[in-house]
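Asks: Below are the sequence and a predicted model; questions follow.
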Amino acid sequence: MSGLAIKSVTKQFGDFKAVDSVNLSVPHGTFVCLLGPSGCGKTTLLRMIAGLEEPSAGEIAIDGEDITKTPTHKRNFGMVFQSLALFPHLSVGDNISYALRIRGSSKDQQKARADELLKLVHLPGFADRPVAKLSGGQRQRVAIARALALSPKLFLLDEPMSALDAKLRESMQVELRQLQQRLGITTIVVTHDQREAMTMADLVVVMGQGKIRQAAAPIDIYRKPADAFVADFIGSTNLLEASADGAGRASILGTVIPGLSLPAGAAKSSVSVRPEDVHLGPPSAGAIDGTVTFVRDLGATIETYIEAGGATIVAVTTPRERVDVATGAKVGVTLPPQACVVVKS
């Protein structure tokens, strides 16, 4: 199979399984984000792909060739570390062309490639500048250029934006995605930032406790989470308990949701409802009765917190759609059945 193939890969440290029987196929030209909380195994998996760690079991292949035991320097992969790991005593150009110099390329070839890559990352004319004189975003671009110098088969990045401020981080996410699309290079990024993954990835791989919980396109991860862990980790959601009656109807907080059903034989199940799908109005038949406990106006959106039957439901609206309610107001909460996703606990 063409592309990257990870087959039943496990990494064990003593009795602890950091990565547990992971299987993943990545076609050529795909942008992948390994996403999950700290300690979920995403960085360990990336390091095994890079050759910096050897799997305890399983196989890693590229274009059908087993590279599980191939040394890092023979894999022709580019990598950007969280620390960026630039050489402070070298100029920008020398940082970028370092790998070319080690490979014996001529000075003219080194300079031409460094200049080409600096244009690609929007830093033309920076070749002679000291690394110490660069801003955080400029250093990020230099690290990316250096990793691309040898035209790698695979581009790996470990939390590359974590040290940048929020505004710069968002602009760099867009730049990195556009660069990847221009080059068509298979790219794998480790991140714990859901927004970052949703912005950049073709394929989001959500990891938890060393396993892949779901691997899918960003919109499917958001709209069709595989389980409660994924639903809760990606964005914001309302995780509510639904119960089935003998007639096959499902109810949430004592209110039947028309059109909602649970899996055959299930008496109870968890349901994920995104806050933007929650509708508020006056108390009415068929709506869940609730009391507003908090309203947060964020400018572009308004978050309304409602207490209903011992549970908290969050609704998000835009200023144009805003329901004029204040803390203490009685409201009716409507959950559209098409927005209720039954998930495994």
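Replies: Looks like it arrived, so ask away. Computed from a predicted structure; not experimentally measured. Numbering: from 1, shown residues only.

Asks: Tell me what Ala308 is bridged to.
Replies: Ala311 (DSSP bridges).

Asks: who touches it in this structure?
Replies: 253, 288-291, 333 (C-beta atoms under 8 Å, 6 or more residues apart in numbering). For glycine as for every other residue, the C-beta is placed from the backbone atoms N, C-alpha and C.

Asks: Show me what stretch 318-330 is in contact with.
Replies: Here stretch 318-330 has contacts from 280-281, 283, 289-295, 299-302, 304, 317, 331, using C-beta under 8 Å, 6+ apart.

Asks: And the buried ones among the residues you listed, selectable in PyMOL?
Replies: Buried subset of the contacts of stretch 318-330, written as a PyMOL selection, criterion 16 or more other C-beta atoms under 10 Å:
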select buried, resi 280+289+290+292+295+302+304+317+331
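
Asks: which ones among the contacts of stretch 318-330 are found in strands?
Replies: Members of the contacts of stretch 318-330 lying in strands (criterion: DSSP state E): 280-281, 289-295, 302, 304, 317, 331.

Asks: Tell me the one of these nearest Asp66?
Replies: Thr317 (52.9 Å; C-beta to C-beta).

Asks: roughly how far apart are that closest one and Gln109?
Replies: 58 Å (C-beta to C-beta, to the nearest Å).

Asks: how about the ones in strands among the contacts of stretch 318-330 in JSON lines, adding distance to Pro55?
Replies: Converted to JSON lines, the ones in strands among the contacts of stretch 318-330 look like this (distance: C-beta to C-beta, whole Å):
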{"residue": "Leu280", "distance to Pro55": "50"}
{"residue": "Gly281", "distance to Pro55": "55"}
{"residue": "Asp289", "distance to Pro55": "54"}
{"residue": "Gly290", "distance to Pro55": "50"}
{"residue": "Thr291", "distance to Pro55": "53"}
{"residue": "Val292", "distance to Pro55": "52"}
{"residue": "Thr293", "distance to Pro55": "49"}
{"residue": "Phe294", "distance to Pro55": "48"}
{"residue": "Val295", "distance to Pro55": "51"}
{"residue": "Ile302", "distance to Pro55": "48"}
{"residue": "Thr304", "distance to Pro55": "48"}
{"residue": "Thr317", "distance to Pro55": "48"}
{"residue": "Val331", "distance to Pro55": "53"}
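
Asks: Secondary structure class of the residue sitting nearest the centre point of the chain, three-state.
Replies: The chain has Ala197 as the residue nearest its centroid, 3.0 Å off, counting by C-alpha atoms, centre = their mean. Three-state call for Ala197 (DSSP: H, G, I helix; E, B strand; the rest coil): helix.

Asks: any idea what sits nearest it, other than its immediate chain neighbours?
Replies: Cys33 (3.8 Å; C-beta to C-beta, 6 or more residues apart in numbering).

Asks: does that neighbour really touch His192, like I thought?
Replies: No: contact criterion C-beta atoms under 8 Å: Cys33 and His192 do not qualify, at 10.2 Å.

Asks: Have a look at those two and say which one is more surrounded.
Replies: Neighbour totals were compared for Cys33 and His192, and Cys33 leads with 27 against 17 (other C-beta atoms under 10 Å).

Asks: All the helices of the stretch 151-300 of the chain, residue numbers only.
Replies: Using DSSP state H, counting those that start in this stretch, the helices of the stretch 151-300 of the chain run over 166-183, 194-200, 218-223, 228-233.

Asks: Return the member of the contacts of Ala308 nearest to Asn23.
Replies: Among the contacts of Ala308, and counting by C-beta to C-beta, the member closest to Asn23 is Leu253, at 38.5 Å.

Asks: isn't that closest one right up against Gly309?
Replies: Yes: taking contacts as C-beta under 8 Å, Leu253 lies within contact range of Gly309: 4.1 Å.

Asks: what do these two both touch?
Replies: When contacts are counted by C-beta under 8 Å, 6+ apart, Leu253 and Gly309 are jointly contacted by Ile288.

Asks: domains for the chain, by residue range?
Replies: Structural domains annotated on the chain: 4-228, 236-343, as defined by automatic domain parsing.

Asks: Out of these, indicate the one that is most buried.
Replies: By mean neighbour count, with neighbours taken as mean count of other C-beta atoms under 10 Å, domain 4-228 ranks first of the domains of the chain at a mean of 18.

Asks: chain center to it: distance?
Replies: Averaged C-alpha coordinates place domain 4-228 at 13 Å from its chain's average position (C-alpha atoms, centre = their mean, to the nearest Å).
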